[in-house]
Structure formats: structure tokens, C-alpha cells
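S.K.: Make a model of this:
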Amino acid sequence: MRGRLIVLAIVGLIVVVGIIGVLSVPGLRWRAQVYAMKATGKLSDLTWSEVARWSMPGSPVYLGDLPNSRSPYAAIENSMTSEKDVKEGEQLFRARCAPCHGFEGEGIVGPSLHQLRRSGSDWALFRIITKGIPGTAMLGHELPDRDVWQLAGYVRTLSRQAAPDSMAAANARAFPRVPVERILEANHKPTN
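M.R.: Sure thing, here's the model as predicted:
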């Protein structure tokens, strides 16, 4: 009996020392905190698979800011924004997204990507690409993480490249100017 108590005390001491060790090493501390957040339901927007992949050393996604911000929308940023990544994202866009969004992101069936309304953060854009937008024609795409981040990097350039003149032209097509007289006569000419 006494031998078991000694073994349990030693095991308990090893566990406590291990926990203290993990929490004292910054790289291990944030990882432990992220896993604890996921386990307690505070990261419902991240899957266990994403937490596991992205908490590995060398991951293209850094989760180390999550324990402070508590929000993937604030903490997760796209690291795949080099010129090479954006070029590869452009190729993916032209192959997969252009049929709906146009080759320059001007919008065909899908909306123009020159003004991103739903994707204020890199994480939001990642989620839109992978999960889609419920109730719309935007379906999620099963792609490797690298491809999604490169695609997101390219889509971000579309909104940055959109010159004010091109946005004004797009708005003019979407919302043509209608003279006041024509609006006042609308009740009498319903087909106009």
C-alpha cells in the first residue's frame, strides 16, 4: 500500500513539473492554451484538425495570438501573401472562381470581389472559401490549406487593386441613374 502511494506521489509530481514546464516555455504555453480553449468550447469556429495542423512548428498559420484575442477573426492572418503565393492564388482563382466571379473579380453570377463586404479578416475569407455562404450560390471548396490561403491572398489583391473609377463604373452598372421624371411616371408605365 505504501509503495503505491509513493508511486502515485512521484507520478503526480512528474505531472505537476511537466505542466509547469509546458507553461513556462512560450511556444508550448500558447499551444496548451489553444488546446484548452478548443476543449472548453471557446474555439468553435476552428476544427480539431485545424488546431492540430496549425499548432505544429513550421505551420503556415500562427495560432499564438489566439489566447490573447480569443477570436480567430482577430488573431489568424494569412502568411501566404508573397508574390509567388499571390500568383499561384491567381491561377487557382482563374480555374475555380472565375466562372462565377469573373477573371478580374468583377462579378458575373457571383458578386464582385472588388469590395469585400463579408470578409473583413483573413480568417473570414478563409472560412468563406472553405465553408461557403449559407443561402447563397457560394459553396465551400475542399482544397488544401496552402491553396486556400494563396487564393485568399489573391482575392485580397482584387479589392486593393480596384481603382475608385472602376468601382464607380461597377456601381453605375448596378445602380443606373434614373431621372426623377421617370420615377414619378413609374405608376403610369409599369413596364418601364
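
S.K.: Please identify which helix or strand holds the residue lying closest to residue 51 once chain neighbours are set aside.
M.R.: Distances taken as C-beta to C-beta, 6 or more residues apart in numbering put residue 38 closest to residue 51, at 5.1 Å, once the chain neighbours are dropped. Backbone N, C-alpha and C define where each C-beta goes, glycine included. In this assignment (DSSP states H and E), residue 38 forms part of helix 26-39.

S.K.: got the end-to-end distance for stretch 37-54?
M.R.: Distance across stretch 37-54, first residue to last, is 14 Å (C-alpha to C-alpha, to the nearest Å).

S.K.: List of residues touching it?
M.R.: Applying C-beta atoms under 8 Å, 6 or more residues apart in numbering, the contact partners of stretch 37-54 are 34-35, 59-63, 66-67, 70, 72-73, 123, 127, 145.

S.K.: What is the lowest-pLDDT residue among those residues?
M.R.: Ranked by pLDDT, the contacts of stretch 37-54 bottom out at residue 60, which has 84.

S.K.: ok so, going back, in the helix holding residue 38, which residues are buried?
M.R.: Buried residues in helix 26-39, counted by 16 or more other C-beta atoms under 10 Å: 30, 31, 32, 33, 34, 35, 37, 38.

S.K.: same check, this time on stretch 40-49
M.R.: Buried-residue list, stretch 40-49, by 16+ other C-beta under 10 Å: 43, 46.
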